[in-house]
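K.L.:
fold the following, please.
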Amino acid sequence: MSAKRICIEKDKKTSDDDKVQKVVINSLDYDSLAQIFMLLPVPERIDIEGVCVKWKEACQLSCLPKEINEIHLFFESLLDQKQTRSMRMHGSSYEASRELSAEVLYTIFCTCKNLKHLDIVHCRNDVAEIPLEKWISFQNLQYLAISCNMTPDLADTIVKYCKNLKHLRINNRHHIINTALKTLTELENLECLILLNCIKLNKESIIAISNNCKKLKRLEISIRSIYDPPSSLSDLDEISKLQYLEHLKLCIGKSLKDSTIIAIANNCKNLKSLEIAGCSAITETALVALTKLDNLQKLDVSFLHITDSFISKLKGLKELHCDFCEQLTEAGFIQLIKNNPDLKEISVLGTDSITIDLVIAADQATKHRTNGIILHIRKYDLELTQAFKSIIKSQWLVVK
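P.N.:
Numbers count the residues shown, from 1 in each chain. Here you go, the predicted model:
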């Protein structure tokens with residue numbers, strides 16, 4: 001047999017062996033592949049993810065230990081390509097891109113029985129498609145952030161199995177079923193409830209939150225509309241029953257009225273943060289009632305019709321956001337800075353109140369600070385920022 005023929009037959013045999021090996025490895029299931037990839041260094045796993053979809057999902061599974069306590073999803077656009085293709089581990093915390101596959105999501109529900117923190121609000125796969133009985137794995141869950149079609153059955157399941165839940169965030173692609181929301185208010189240990197985007201609430205849901213969620217410290221509601229006519233919007237006043245509230249955010253447009261703000265000011269004495277940006281029906285008369293809140297540190301009244309008279313009465317603040325409050329002048333801001341020595345941020349985007357006189361006054365008011373707090377005035381105007389640099393002498397003042 002010639003050497004040439006031997007070489008040809010050897011190359012043919014090697015090629016056939018490679019095909020057999022490829023067929024064998026591709027016939028393995030996800031778990032078996034994950035077990036193999038788990039033995040590889042992380043950089044090599046990242047490269048393997050680019051081979052095919054199946055290998056990518058298997059690599060994701062290989063990074064998912066059963067003893068994990070936290071899972072977070074992040075936006076790919078915030079990271080470079082290398083990070084986007086990877087799943088990051090920090091101790092018992094697990095981070096992944098929103099490309100989390102249905103297979104990996106299912107595995108999380110089946111295997112992570114010690115999970116306490118699950119943040120998959122950016123997941124493209126619908127959590128509602130996971131079999132309801134798989135939620136039994138999450139009896140230790142304390143933090144849940146999801147985006148899905150919240151049905152009554154899913155709400156019943158969460159209440160049944162996730163009795164230790166303290167933080168619940170629902171970011172809906174559609175509208176939440178009010179029956180489901182009323183069920184979720186039965187979570188006895190709930191301290192934080194965040195309802196975002198296209199959620200529509202009726203008065204029964206508002207009342208259920210107010211009556212059942214007695215331990216709430218944080219409540220955030222962002223909705224496009226409320227089903228009920230304006231005559232029943234006084235039911236929003238029921239929120240003031242939540243006397244342990246420390247952080248309240250109500251982005252509900254004209255649905256929020258003066259009576260609710262006054263009720264909150266009278267009853268929610270532990271309130272530290274209030275965000276009511278864009279609630280244009282609120283008048284300054286109601287806002288003045290907020291000066292009764294001795295613990296209030298952060299206030300967002302952007303897009304509201306407020307004047308110097310109001311902000312001059314504020315004391316104890318650390319943050320004030322008043323973007324596009326066009327009636328405010330430098331006189332009001334100067335008095336605000338003097339009255340609030342711990343003030344660390346003023347946001348004034350869309351106003352013409354940041355003048356040289358205001359910067360000089362702020363410079364004088366902050367240069368003798370002994371609390372170590374830097375005051376940031378945020379105008380987001382590069383030209384003004386450059387112009388004010390030569391004026392500012394205080395190490396405790398920054399204009400951006």
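K.L.:
helices of the stretch 101-250 of the chain, start to end?
P.N.:
Assigned by DSSP state H, counting those that start in this stretch, the helices in the stretch 101-250 of the chain fall at 102-111, 152-161, 178-184, 203-212.
K.L.:
flag every buried residue along the second one.
P.N.:
What that stands for is helix 152-161. By neighbour count on 16 or more other Cβ atoms under 10 Å, the buried set for helix 152-161 is L154, A155, D156, T157, I158, V159, Y161. Using the backbone N, CA and C atoms, a C-beta is placed for each residue, glycine as well.
K.L.:
quick check: mean pLDDT of it?
P.N.:
The average pLDDT within helix 152-161 is 96.
K.L.:
in the stretch 201-350 of the chain, where is pLDDT below threshold?
P.N.:
Applying pLDDT under 70 to the stretch 201-350 of the chain flags residues 224-234.
K.L.:
so what's V51 scoring on pLDDT?
P.N.:
74.
K.L.:
wait, is it part of a strand?
P.N.:
No. Using DSSP: H, G, I helix; E, B strand; the rest coil, the secondary structure at V51 is coil, not a strand.
K.L.:
which ones are touching it?
P.N.:
Listed by Cβ atoms under 8 Å, 6 or more residues apart in numbering, the contact set of V51 is empty.
K.L.:
could you export the buried residues of helix 152-161 as TSV, including distance to G316?
P.N.:
Supplementary listing: the buried residues of helix 152-161 in TSV, determined by distance: Cβ to Cβ, whole Å:
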residue	distance to G316
L154	42
A155	39
D156	43
T157	43
I158	38
V159	38
Y161	42
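K.L.:
can you put the helices of the stretch 101-250 of the chain in a markdown table and add distance to K313?
P.N.:
What follows is those, written out as a markdown table (distance: least, Cβ to Cβ, whole Å):
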| stretch | distance to K313 |
| --- | --- |
| helix 102-111 | 50 |
| helix 152-161 | 43 |
| helix 178-184 | 37 |
| helix 203-212 | 28 |
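K.L.:
out of these, which gets nearest to I373?
P.N.:
helix 203-212 (35.0 Å; Cβ to Cβ).
K.L.:
against which helices or strands is that closest one packed?
P.N.:
Packing partners of helix 203-212 (3 or more Cβ pairs under 8 Å, 6 or more residues apart in numbering; DSSP states H and E): helix 178-184.
K.L.:
helices and strands around the helix it packs on, which ones?
P.N.:
Helix 178-184 packs on helix 152-161, strand 192-201, helix 203-212, going by 3+ Cβ pairs under 8 Å, 6+ apart.
K.L.:
in it, what's buried?
P.N.:
For helix 178-184, by 16+ other Cβ under 10 Å, it's N178, A180, L181, K182, T183, L184.
K.L.:
so what's the fourth one scoring on pLDDT?
P.N.:
At K182 the predicted local distance difference test score is 94.
K.L.:
and N171, which of the helices and strands packed on helix 178-184 is closest to it?
P.N.:
strand 192-201 (4.6 Å).
K.L.:
pairing partners for the closest one, with directions?
P.N.:
Using DSSP bridges, strand 192-201 pairs in its sheet with strand 167-172 (parallel), strand 218-226 (parallel).
K.L.:
and the shortest one, what's its mean pLDDT?
P.N.:
Averaging the model's pLDDT scores along strand 167-172 yields 89.
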